[in-house]
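A.B. asks: Can you look at this prediction? I've put the sequence above it.
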Amino acid sequence: MRSFQEKDLFSCCGQPVNIRDAAGLFEDAFITAYRLLHLERTTPNPLYCSASKCSAFIVPSAIKGTIGKCSQCNKKTCRFCRKGEHKGICTQDMEGQKVRELAKQMGWKECPKCKRIVERRSGCLHMTCKCGGEFCYNCGKLYRECRGTCNRGT
C-alpha cells in the first residue's frame, strides 16, 4: 500500500470529506490508513516515534502522561524532548521544572532509581518509592549502600 501525503486528504468545496460517506468505495485497510492520516494531520503538535528506523505517528490515545508508546515498534518517546523515554522530569518540560524547583525549596528528594519526587512527612528515613526503589531520605543513596550509616538527621 502506498503512503499518503497531505494532498491525499479528500475535500469538496473546501470542506473535508468524511470517509464514512465514501466507505463503500474503498477497502477497509485504506479507510483505516485514511483515518490515521486524518488524525495525524489534525493533531496539534503531533508526536512521532523517536526510533530513527520507525518515526511512526504516535496517536494521542497512546500518550500517557509524558510518554508516548509507538504502535509500530513499541518504543517509548518523551512528548517534551521527543527523544527516547528517560527517567525523571524532562528538561524540556517547563511545568515539570517548576515542580522540581518547588521540590528543591521544600527539601523533597528524588528517588535515585526512577527520579520520582518524594516527600517525607513522618517516620523513618528509609524510603520505599512507588517504583520499588529503596533509599535513604537523608543522604539520597540507595538504601543498600547507606543502611543507616550516614550522618542522619531526624
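C.D. replies: Yep, it's here.

A.B. asks: Please count neighbours and contacts with C-alpha atoms only from this point.
C.D. replies: Fine.

A.B. asks: Backbone dihedrals for the residue nearest the centre of the chain, please?
C.D. replies: Of all residues in the chain, the one closest to the mean position by C-alpha atoms, centre = their mean is Ile67, 1.0 Å from it. Main-chain torsions, Ile67, degrees, to the nearest 10: phi -120, psi 130.

A.B. asks: can you pull out the strands in the protein?
C.D. replies: Assigned by DSSP state E, the strands in the chain fall at 11-12, 15-16, 47-48, 57-58, 63-64, 67-69, 76-78, 109-110, 117-118, 126-128, 134-136.

A.B. asks: Quick one: closest of these to Met94.
C.D. replies: Nearest to Met94, of all the strands of the chain, is strand 76-78, at 13.6 Å by C-alpha to C-alpha.

A.B. asks: would TSV of the strands of the chain with distance to Phe30 be doable?
C.D. replies: Formatted as TSV, the strands of the chain follow (distance: least, C-alpha to C-alpha, whole Å):
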stretch	distance to Phe30
strand 11-12	16
strand 15-16	17
strand 47-48	21
strand 57-58	17
strand 63-64	25
strand 67-69	23
strand 76-78	27
strand 109-110	48
strand 117-118	46
strand 126-128	50
strand 134-136	51
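
A.B. asks: closest to Ala29 out of the ones you listed?
C.D. replies: strand 57-58 (17.0 Å).

A.B. asks: For Leu37, see how far away Gln30 is.
C.D. replies: For the record, residue 30 is Phe, not Gln. Relative to Leu37, Phe30 is positioned 10 Å away (C-alpha to C-alpha, to the nearest Å).

A.B. asks: Out of the strands of the chain, which is closest to Arg100?
C.D. replies: When the strands of the chain are compared by C-alpha to C-alpha, strand 117-118 sits nearest Arg100, at 7.9 Å.
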